[in-house]
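K.L.:
Got a predicted structure here, sequence first:
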Amino acid sequence: MSRRHLLPLRIRSLASVTVVLGVAFAPGCDGSRGVVPVEGTIRFGGQPPPASGYVFFVPADGATGDPADPARPRSGSALFMQDGAFKVTTFKPYDGLRPGRYEARVECSVPGGAGQGEGAGRSAVPAGFAGPVIDVPAGGPRPFRVEIDVR
């Protein structure tokens, strides 16, 4: 194919990409699915976490119904590092949670003792710890802040 024939193809490809990007970023079409940005901090007895870990947000009311319904809570998760800071992901990185009531569940492991195999560790979360129930409002501050202290 000659260079002369490639130019219209390049222009058409660029126009297609522009249309796709325009639709993706149009108001109301951002893919937010009704989520509220949620970020926060994990502490262990008021101190930074002993290691990185995860916090999971699970609908507290055993939500049922149409998963596409933006009023229905959906599970989300976040990675926290040793500073304890996190941002929640439900559909795409750091988008947040749908409004609703969630149980927070924390997982954090520290290296095991001498003589244990590689990857072996123990949970830094006390056995009796029950994560808090979080109410994410439809309106209000954005991002919505969550503070969890594991004791």
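P.N.:
Now that the structure is in, tell me what you want to look at.
K.L.:
what's stretch 97-105 in contact with?
P.N.:
33-36, 38, 55-61, 63, 70-74, 76, 88, 90, 131-138, 146, 148 (CB atoms under 8 Å, 6 or more residues apart in numbering). Heads up, the C-betas are built off the backbone N, CA and C, glycines and all.
K.L.:
List buried residues within these.
P.N.:
34-36, 38, 55-59, 63, 72-74, 76, 88, 90, 131, 134, 136, 146, 148 (16 or more other CB atoms under 10 Å).
K.L.:
Just the ones of the residues you listed in strands?
P.N.:
Val38, Val55, Phe56, Phe57, Val58, Pro59, Gly76, Ile134, Val136, Val146, Ile148 (DSSP state E).
K.L.:
Need the max-distance pair from those residues.
P.N.:
Pro59 and Ile148 (17.1 Å; CB to CB).
K.L.:
Can you give me the domain assignment for this structure?
P.N.:
1-30, 38-150 (automatic domain parsing).
K.L.:
Check those domains for me: which has the lowest mean pLDDT.
P.N.:
For these, mean pLDDT drops lowest on domain 1-30, to a mean of 44.
K.L.:
and Asp61, what is it in contact with?
P.N.:
Pro73, Gly100, Arg101.
K.L.:
Which one of those is nearest to Gly45?
P.N.:
After measuring these against Gly45 - CB to CB - the closest member comes out as Arg101, at 25.9 Å.
K.L.:
in what helix or strand does the closest one lie?
P.N.:
strand 100-111 (DSSP states H and E).
K.L.:
which secondary structure elements does the following helix or strand past that strand contact?
P.N.:
Beyond strand 100-111 on the C-terminal side, the first helix or strand identified by DSSP H and E is strand 121-123. If you count contacts as 3 or more CB pairs under 8 Å, 6 or more residues apart in numbering; DSSP states H and E, strand 121-123 packs onto strand 100-111.
K.L.:
Name the residues of the strand it packs on that are buried.
P.N.:
For strand 100-111, by 16+ other CB under 10 Å, it's Gly100, Tyr102, Glu103, Ala104, Arg105, Val106, Cys108, Ser109.
K.L.:
Tell me the spacing between the third one and Pro126.
P.N.:
When you say that, I think you mean Glu103. Separation of Glu103 from Pro126 (CB to CB, to the nearest Å): 16 Å.
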